[in-house]
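Participant: With the sequence up front, the predicted model follows.
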Amino acid sequence: MTPNPVTVKSLPPKENALFKRILKCYEQKLYKNGLKFAKQILSNPQFADHAETLAMKGLILNALGRREEAYEYVRRGLRNDLKSHTCWHVYGLLQRSERKYDEAIKCYRNALKWDSQNIQILRELSIVQIHTRDLVGYRDTRHQLFKLKPGQRASWIGFAIAYHLMKDYEMAFKILDALRNTMNQDNQQMQQGRKDATFEYERSELLLYQNMILEESGDILGAKKHLLDHNKEIIDRVAFNETIARYHIHLEEYVQAETIYRKLIQSNQENKAYYDGLTRSLRIEDEPEEKLKLFNELKAQYPRAALVKRLPLDFTEEAQFTDLLRPYVISALEKGAPTLFTDLQPLYKNPSKVVIIQNLVEGFVTQLEKNSKFSEADQERAPASGLLWAYYYLAKHYDQVNNTKTALQCVNKAIDHTPTLIELLTCKAKIYKHSGDIAAAVENMNDAREMDTADRYLNSKCAKYMMRADRVSEATEILGKFTREGTSPMDNLNEMQCMWFQTECARTYQRMGMWGEALKKCLEVDRHFHEIIEDQYDFHSYCLRKMTLRSYIKLLRLEDILHSHPFYFKAAKVAIDVYIYLHDNPLKNQASDEQNNQENLSPSELKKLKNKERKAKKRAELEQQAAAAAAEKKNLHQKQKQSNEDGESHHPDSAEELVPDKLAATTEPLQQAMKFLEPLLSLAAHNIETHILAYEIYSRKDKPLLMLRSIRRALKVDPNNDTVQRLLVKFQETMSTRVKTLPEPLPEFMKQELEKVYTFKKVN
Amino acid sequence: MRPRIELGEVTVHNIRQLKRLNTVVFPVSYNDKFYKDVLQAGELARLAYYNDVVVGGVCCRIDTTEGQRRLYIMTLGCLAPYRRCGIGTVMLKHVLNYVEKDGNFDALYLHVQINNDSAIAFYQKFGFNIVETKTSYYKRIEPADAHVLQKNLVKGGSKGSKAVVG
């Protein structure tokens, strides 16, 4: 179709006015009106192919969720005028709404070819660039914006941030300094003598951000001077003090550091970092005697501070430890704090302290049973609940040292004493769980739950224990007592990103051999992480406006390492394990394997096997029924939703629904597994499991070098790990034959490397 | 450190704690209807907390037999390790407060096993007296006899008054 000459740029005044109205309608979300105006232009045969109108129509259709049509129109418009920056811009917006960021960047760049100074396009491009961490692109775009709009504060800040992220600290600092000076001048002119809280806040944040840049550049001396010079302008006093204290320590100005840390402790006695800082500034980190003196001093100063009493338990030993522990435990038992055990748990790494604690609390129990006192010499009697909490503590204590029998004895004594206390039931359940008796654990946890049906914590714990017992549908029903009405609990919990539940589900399904369901849960968790990363999108412009710059940078850095979170690891491990299993045992073969095996069994064995299969099938069927019912409900709900919202915003990821059977039937399990492995390799390298999983994948992909790398990394984390030893042996066996087919110079290299590994082992 | 004693409502969410309490404290067992009624009893049913642990409970109902309006205490008790700490007093005072505010009760009363000396002494401290003894009151425990302890009230109290008959 030859483009109509009228499609290039200019419209006559009437149509031009209509076009402008289309733009306004889009901005104001009056989509129906926008479409009307577009129709008016396009129904005129002269302008039926007007590129920009077509593009705008597409954009509006996209906003209404009619994605296919939207693309059609936008592409048509673009074809009719490849030189229209508007068309490219709209195309970019379309791609962006689909989160196809690389495509979007290309479109924006094309748009800029035809209108290199379009501020809006540049701004949008910069946001997409920072979102995808295209730092070089971001800097260049920011540079453009800076040149074009030097009057806008955000241009300067964005420009500075670009340099900061590329580690050019000097440039970043200079830009911000220049900005600050103009800000000061502007403000003096505007506000004569009046206090402007917003201005002061923004100035303070800017200064602290500048200081952050200085600190990262390594110029601590300069950073300190900068901070002190602007002391009066900084509003966040906590940040100021914490930072300057850090600088003093770094510069070995210990006297000054001590003063600041004491000041900080005065404002907040429960921040451990302050006490660490204080001991560092007094140079007594390795001197328990001195530290004890210090803490006694602080105790007198702050008699109600909790941390002051707890920290000395960490660094004292023997008699001193016992002397400090006694009143600490008595106070907790009197108060009836259930958290005493969790509080003291870190001390259990030290075996001698474990003995001291045990003797102390056992002593209390004996004394309290005798005459309700903590010690013979006491004047007053202990509260009646003291004995109860002492029993409770002992139950947890013995559970910790794996003495299940005594732990149960203690908790049962406690239950006899005060049968109404719910914590005792949860404690008992936990003991059973640790000992492996999951059925008893569920029974007790459910008992606890029924004692207070308004307590969501008990509800969740009960569901978790049920899942450990492979009772998924029961667990889901229980959780449903607290989830939103009208949706299935599974769906609601997915919506709420309830990842503890989803990872538990994944593990349970894996145990039950329901591979597809397990994979679905893993992928749901994966999607949550994806969503959380996408969530940062709006902040790129918001934070620049609001000047919350330090937080913004921290947010970017957090998002960069998001996949290091334990939830991701849990889901990835299940996924990789399942995919490896499916690689080794593709589903079609499983059925025929079973048939083969059955021919060799005696009739009674066969009967038993059939029974077992029938039961497992029934369980799986029930699960699938529950899942199907849930899917039905979801469909119903979605249909309702769709009929309720016509024209509302669509989700860019009305993502493909996860169908368990399809997932389990994947033809490339190893490839899928790699997707989960990658974030682990970069962010969870300290975890030996990562390398074990990596080895398993690489060995099935026949990648000897990568297998070797995985073993080496695993040994670095823990040279004595059993699994790794086994893998090493397997690797050697494989290599002994495989090495002949390796291209030169690998065979010799392999031999050397394996020897190195063995010497490494011997040394460790 | 003084222990804190507080009273709390009985709700459908925590009623099992009351059930467990009563099962342990009383030799008599109460059926589902009893607890169904407790949920409607409002102020007449309370759990007693000792340092945030449920250790006691009281359940009453309004009784209109024998031509009088009396408050009947169905259960009032606390776990053994927590007795003689003032918990019973707090619960009983709550009940006495209730009848005083209401002003329209003739008396309070309850049943006690004849061998429960500590309970009898406790209620006598608050002005209750043994007004009757019922033989074979209890079906499945020994002794089966029960005293009726009653405390008569002056009607009119702080609120509500009978019309003066001239």
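Facilitator: Alright, I've got the coordinates.
Participant: residues in the stretch 251-400 of chain A within reach of chain B, list them.
Facilitator: Applying CB under 8 Å from any CB of the partner chain, we find that the stretch 251-400 of chain A lies next to chain B at A:334, A:335, A:336, A:383, A:384, A:385, A:387, A:388. Using the backbone N, CA and C atoms, a C-beta is placed for each residue, glycine as well.
Participant: Helices - which of the residues you listed land there?
Facilitator: Judged by DSSP state H, those include A:334, A:335, A:385, A:387, A:388 as members of helices.
Participant: so how many other residues sit close to residue A:499?
Facilitator: Residue A:499: 22 surrounding residues under other CB atoms under 10 Å in any protein chain shown.
Participant: pLDDT score for it?
Facilitator: Note for residue A:499: predicted pLDDT of 96.
Participant: Residue A:567 is in contact with that one, correct?
Facilitator: Yes: counting by CB atoms under 8 Å, residue A:499 touches residue A:567, with 4.4 Å between them.
Participant: who wins for most neighbours among the residues of the stretch 251-400 of chain A next to chain B?
Facilitator: Among those, residue A:388 has the most neighbours (other CB under 10 Å), with 28 neighbours.
Participant: Can you read off the pLDDT for that one?
Facilitator: The score at residue A:388 is 97. That number is its pLDDT.
Participant: what does residue A:299 give?
Facilitator: At residue A:299, pLDDT is 96.
Participant: cool, residue B:164 as well?
Facilitator: Per-residue confidence (pLDDT) for residue B:164: 48.
Participant: likewise residue A:539?
Facilitator: The model reports residue A:539 with a pLDDT of 95.
Participant: so it touches residue A:555, yeah?
Facilitator: Yes: with contacts counted by CB under 8 Å, residue A:539 reaches residue A:555, the gap being 6.2 Å.
Participant: ok, which residues in chain B are in contact with chain A?
Facilitator: Proximity of chain B to chain A (CB under 8 Å from any CB) is limited to residues B:1, B:3, B:11-14, B:16-17, B:20-21, B:24, B:50-55, B:79, B:81-82, B:85.
Participant: In chain B, mark out all the strands, start to finish.
Facilitator: Ranges of strands within chain B are B:5-9, B:45-50, B:53-63, B:70-78, B:107-113, B:129-134, B:146-152, based on DSSP state E.
Participant: Checking residue A:93 next. Helix, strand or coil?
Facilitator: Here residue A:93 is helix, with the state taken from DSSP: H, G, I helix; E, B strand; the rest coil.
Participant: Now do it against residue A:352, distance only.
Facilitator: Per CB to CB, to the nearest Å, residue A:93 is found 67 Å from residue A:352.
Participant: so where is chain B shaky, pLDDT-wise?
Facilitator: In the predicted model of chain B, residues B:156-166 satisfy pLDDT under 70.
Participant: so what does the host helix or strand of residue A:706 touch, helix or strand wise?
Facilitator: Residue A:706 is part of helix A:704-717, with elements assigned from DSSP states H and E. Counting contacts by 3 or more CB pairs under 8 Å, 6 or more residues apart in numbering or on different chains; DSSP states H and E, helix A:704-717 is packed against helix A:688-701, helix A:722-738, helix A:746-763.
Participant: Give me the contact list for it.
Facilitator: Under the criterion CB atoms under 8 Å, 6 or more residues apart in numbering or on different chains, residues A:685-688, A:691-692, A:694-695, A:698-699, A:721, A:724, A:727-728, A:731, A:734-735, A:738-739, A:742, A:746, A:750, A:753-754, A:757, A:760-761, A:764 lie in contact with helix A:704-717.
Participant: For PyMOL, what selects the buried ones among those?
Facilitator: A single PyMOL command selects the buried members of those (16 or more other CB atoms under 10 Å in any protein chain shown):
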select buried, chain A and resi 687+688+691+692+694+695+698+699+721+724+727+728+731+735+738+739+750+753+754+757
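Participant: From the structure, what's the count of residues near residue A:530?
Facilitator: Residue A:530 has 15 neighbours, counted by other CB under 10 Å.
Participant: which SS class is it?
Facilitator: What three-state DSSP gives for residue A:530 is helix.
Participant: swap in the one 3 residues further on?
Facilitator: Going by three-state DSSP, the secondary structure assigned to residue A:533 is helix.
Participant: ok, now how distant is it from residue A:101?
Facilitator: Residue A:533 is 11 Å from residue A:101, by CB to CB.
Participant: neighbour count winner among these two?
Facilitator: Between residue A:533 and residue A:101, residue A:101 has the larger neighbour count (other CB under 10 Å), namely 18 against 15.
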